[in-house]
Each structure stands twice: as structure tokens, then as C-alpha cells.
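>>> One predicted model, sequence on top.
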Amino acid sequence: MAGRAHHRAALALTVLSLLVWWTWALQQTCHPFHDLSCGTYTDHFSHMNTGRLFTEVGADIWRKPLRDSGRPLTPQEIAALPDDVRLADPGDLRTFPGWPASKPFYSSWTINPRLHPPGDMLLTAPVALLYSFTSLSLSGANLLLILLFLLYVHIPIYLLFREWRPSRARAPAGMLAAAIIYLELVHWALEGFYEGLVVAPLLLCARAVHRRDGTRGLFWFSLAALLHFRAFFFAPWAVYALYLVASQQEWRRWGRRGAALATGAAVLAAASLAPFALLWSTLHRMPVSNPLNPAEAGFHVFKIAPLVVVLVVAGAAFALSRSWLDLAVLTWLELVVLQLHEALPWDMLTLLAWLAAPILALESRIPVVRDARLFAVLCLSVLVFHNTLTPDWFTKVVGGLAAR
């Protein structure tokens with residue numbers, strides 16, 4: 001009964017949080033994009049519009065630049081566009097036969113193919129359908145997308161609340177980790193980023209691996225990869241889940257549910273790996289803006305010295321605690337971030353799953369592992385993704401309230 005009461009309390013707290021942020025977002029009228037920064041971010045409607053584009057070009061969305069699809073608008077068509085659409089660079093606008101004249105394709109980063117797996121199009125499909133087949137304006141669609149992304153990120157927030165226990169709340173590191181997860185998920189949803197949702201299936205993957213259920217772990221990891229390629233940051237979890245399936249011969253006791261999970265994992269994995277393969281050459285041709293990548297102009301080996309410190313300090317804590325899976329994750333992350341061509345502040349959202357994941361280590365050393373994870377995430381966020389994780393964005397929330 002205590003467990004059920006705790007879950008109900010977690011759900012009530014999640015719903016309350018969602019309603020608060022929905023209320024705030026509904027009053028955010030400073031720009032037609034409806035992002036917290038008033039016209040700075042465009043990812044939300046880019047996801048929606050690439051879903052519309054996919055219905056026209058199919059897999060070419062991952063093969064060629066977005067701006068090479070459809071036809072450009074004429075000057076007369078541009079002049080007749082609604083005010084919220086005319087905010088776009090005219091060179092980014094494309095249209096197709098049968099599309100509403102007032103609703104052309106409009107996305108950021110049109111010089112590239114779509115650098116996301118199919119999951120982002122599925123998540124925004126409801127709003128894309130409304131925008132395409134009703135009188136819904138682009139501004140109205142943007143607001144709905146922000147509300148939808150807030151709903152999505154409250155799924156991992158609910159998982160966080162549900163697994164939280166008073167014993168963890170007394171630990172300063174635990175309180176800090178919980179605050180970072182909550183604030184970062186809400187912050188970037190308000191800016192129009194759905195990536196925080198990926199934390200939910202990654203947490204469920206980690207929980208399954210902790211319970212030595214490799215099949216379920218592979219399913220949740222494959223779902224995370226379908227939603228965003230950054231899920232590959234935690235590839236060691238998938239490798240360990242596969243090891244569990246093989247070493248325990250889990251297929252012998254699958255039954256219908258286990259077979260369905262295994263089939264689902266295979267389908268989801270194929271749906272994420274196929275676009276990734278199509279994008280492979282593009283990803284390697286993109287300009288390098290990550291100063292820690294050896295291919296970046298002006299790179300010096302001393303630039304990666306802080307990463308080595310993180311690997312040594314956190315790695316030693318994991319090794320002494322016999323937290324071998326965490327050591328594998330840390331080592332993999334260090335290798336991956338050195339290969340990234342670009343590293344942006346919101347890309348660290350995936351790392352939040354590590355802060356809340358169950359721990360496989362010596363029981364007496366679990367607090368040490370938790371602290372080492374927090375240290376690693378904080379350092380990687382600052383050094384690689386240039387995100388200090390400070391809630392300075394809250395001044396925009398307060399400023400928006402004061403402006404009303």
C-alpha cells in the first residue's frame with residue numbers, strides 16, 4: 001500500500017508540475033515561435049515540418065539536403081504568406097503540389113539532410129496533421145508543440161518522482177542531481193526541444209539491466225535510439241543487455257511477451273540504424289565546431305587534459321566501487337565526445353539518464369558511484385556541451401511574468 005501511495009503522490013506531483021508549466025506557456029506571447037527565448041529556437045516546428053516533408057520524399061530526407069526537395073516559392077507567393085511564416089529566410093521555404101499556399105515547408109538547417117531518426121516525426125505527427133489539414137496557424141502549431149514537448153518531458157519527470165526515496169533526498173548530491181534533471185528537462189522543453197523525452201526509455205533500459213532482464217533492456221534502448229541518436233551515448237547498456245540475453249539464454253523463457261519485446265527491439269533498432277547508415281557520410285563531412293575534436297582547426301592535445309582528469313577521477317571511483325558498467329559508460333562517452341563534430345548545450349540532456357539510473361556496484365559504495373556520476377555529468381556538460389547547468393533561464397520565466 002505504501003508503494004501505491006508513493007506512486008500516486010508522484011503522479012499527482014507530476015500533473016501539478018505539468019499544469020503549472022502549461023499555464024505559463026499558454027501566456028508566452030512574446031514571439032510567434034513561442035519558445036522561451038522569444039524567437040531564438042526553431043527545432044520544434046522543424047521537427048513538425050520534416051514530418052510533412054517525409055510524406056513527399058521518403059528516405060531522401062536522410063540522403064540529401066532538405067532545401068533540395070520541392071520547389072522554391074515565387075516572390076508573389078512569399079508576399080502572400082502569413083506574418084508568422086514570413087519570419088523565415090525565403091531561401092528556406094519550399095512547397096509541393098497540393099500543399100496549402102500559406103503553409104510551405106519551413107525548417108532550420110536546410111543545408112543538411114535530416115539529422116534525426118524517425119522518432120521526432122512520430123512525436124510531432126499530431127500537430128503536423130492539424131497544421132496541414134486545418135486552419136491552424138504556424139504560431140498556433142508552435143504553441144501546441146511546446147505544450148506537447150512539456151507533456152513528453154514529464155514522462156521522465158514522473159519516473160524520477162516515482163523512484164525517489166527520502167533516503168536519497170537527504171544526500172546533497174542526490175538533491176542536486178534531481179534538481180538538475182527536473183530543471184534541464186523543463187528548460188529545454190520550453191525552448192522547443194523534445195530530447196528530454198529520451199531520458200525515459202533510457203531509464204527503463206537501465207532499470208531492466210539492473211534487474212538482469214536483457215530482452216526488456218534492449219527494447220527500451222532501441223526505443224530511445226528511435227527517438228534520438230544521442231541515445232548511443234549509452235551503447236554499453238545495450239551491449240550489456242545483449243550479453244545478458246546470450247549468457248542467460250533468455251529466449252528459452254520468452255513466451256509471447258518476451259518474443260514481442262525481442263521483435264519490437266529488432267524493428268525499432270532497424271528503424272534507427274537504417275537512417276543512421278544513410279547519414280554516415282554526411283556526418284563525417286560536416287564542419288567541425290567541437291574544440292575537443294582532433295580534426296578541429298587549432299586543436300591542441302592539452303585541450304583534452306580536463307577530460308583525462310574526469311576519466312581518471314570518476315573512473316577510479318567506479319573501479320574501486322566495482323561499478324564496471326559505469327566505467328564502461330564513462331570510457332565510451334570520453335571516446336564519443338572526442339569524435340563529435342558539434343556539441344550543443346541541449347545535447348547533454350541524454351546524460352541526465354545516467355544521474356537517475358540504478359547502480360550496479362558494491363552496496364556500501366553506491367553513494368560514491370552516485371557522486372562520481374554527478375561529477376562526470378557536470379564536467380562533461382561544461383567542458384563538452386558548454387552548458388553550466390545553472391538555472392539562469394529562470395530569469396526569462398520571471399521576466400515574462402513581470403511583463404504581463
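Noted; the coordinates are in hand.

>>> Count the residues that sit near the closest residue in space to P291 that isn't next to it in sequence.
Nearest non-adjacent residue to P291, counting by CB to CB, 6 or more residues apart in numbering: K303, 6.1 Å away. Where C-beta positions appear, they are placed from N, C-alpha and C, glycine not excepted. K303 has 15 neighbours, counted by other CB atoms under 10 Å.

>>> can you pull the pLDDT of A403?
For A403, the pLDDT comes out at 63.

>>> Report the central residue of the chain.
By CA atoms, centre = their mean, the chain has its centre lying nearest to E195, at 2.0 Å.

>>> Check that one and give its pLDDT.
95.

>>> Next: the one 10 residues further on.
Model confidence at C205, given as pLDDT, is 98.

>>> I'd guessed it sits against V239; true?
No. With contact defined as CB atoms under 8 Å, C205 does not reach V239; the gap is 11.7 Å.

>>> quick one: which of the two has more around it?
Set C205 next to V239 and count neighbours by other CB under 10 Å: C205 wins out with 28 against 15.

>>> Ignoring the adjacent residues along the chain, who's closest to that one?
W220 (3.8 Å).

>>> which ones are touching that neighbour?
Remark: with contacts taken as CB atoms under 8 Å, 6 or more residues apart in numbering, W220 is in contact with 201-202, 204-205, 208.

>>> Recalculate using a threshold of 7 Å.
201, 204-205, 208 (CB atoms under 7 Å, 6 or more residues apart in numbering).

>>> which is the next helix or strand following the helix or strand hosting it?
In this structure, W220 is located in helix 214-227 according to DSSP states H and E. For helix 214-227, the following helix or strand on the C-terminal side (DSSP H and E) is helix 235-247.

>>> Need phi/psi at P72.
According to degrees, to the nearest 10, the main-chain angles of P72 amount to phi -70, psi 160.

>>> typed the wrong thing, it's F96
phi -140, psi 160.

>>> Just the pLDDT for Q28.
Residue-level confidence at Q28 comes out at 85, pLDDT.

>>> if I look at L53, how far off is S46?
From L53 across to S46, the span is 10 Å (CB to CB, to the nearest Å).

>>> How about V127?
12 Å.

>>> Could you do A269 as well?
25 Å.

>>> the more surrounded of these two?
Of the pair A269 and S46, S46 is the one with more neighbours under other CB under 10 Å, namely 23 against 18.

>>> Nearest residue to that one in space, please, no chain neighbours.
Spatial nearest neighbour of S46, excluding adjacent residues (CB to CB, 6+ apart): S107 at 4.1 Å.

>>> Report how many residues lie close to the closest residue to Y243 other than its chain neighbours.
Spatial nearest neighbour of Y243, excluding adjacent residues (CB to CB, 6+ apart): G214 at 7.0 Å. Residues near G214, counting by other CB under 10 Å, number 23.

>>> what's the answer for the one 3 residues further on, then?
Burial measure for G217: 27 neighbouring residues, criterion other CB under 10 Å.

>>> With adjacent residues omitted, what lies nearest to it?
A241 (3.4 Å).

>>> Verify the stated contact: the one you found with D213.
No. Using CB atoms under 7 Å, A241 is not in contact with D213; the gap is 8.2 Å.

>>> Neighbour count for these two, which is higher?
Ranked by neighbour count (other CB under 10 Å), A241 and D213 place A241 first, with 27 against 21.

>>> what sits against L244?
209, 212, 214.

>>> Go again with 10 Å.
Listed by CB atoms under 10 Å, 6 or more residues apart in numbering, the contact set of L244 reads 208-209, 211-218, 250.

>>> now swap in A343 and tell me
Shown in contact with A343 (CB under 10 Å, 6+ apart): 289-293, 337, 380-381, 383-387.

>>> need the helices for the stretch 51-200 of the chain, in chain order.
For the stretch 51-200 of the chain, the helices defined by DSSP state H, counting those that start in this stretch occupy 75-79, 119-133, 138-163, 166-169, 172-190, 199-210.
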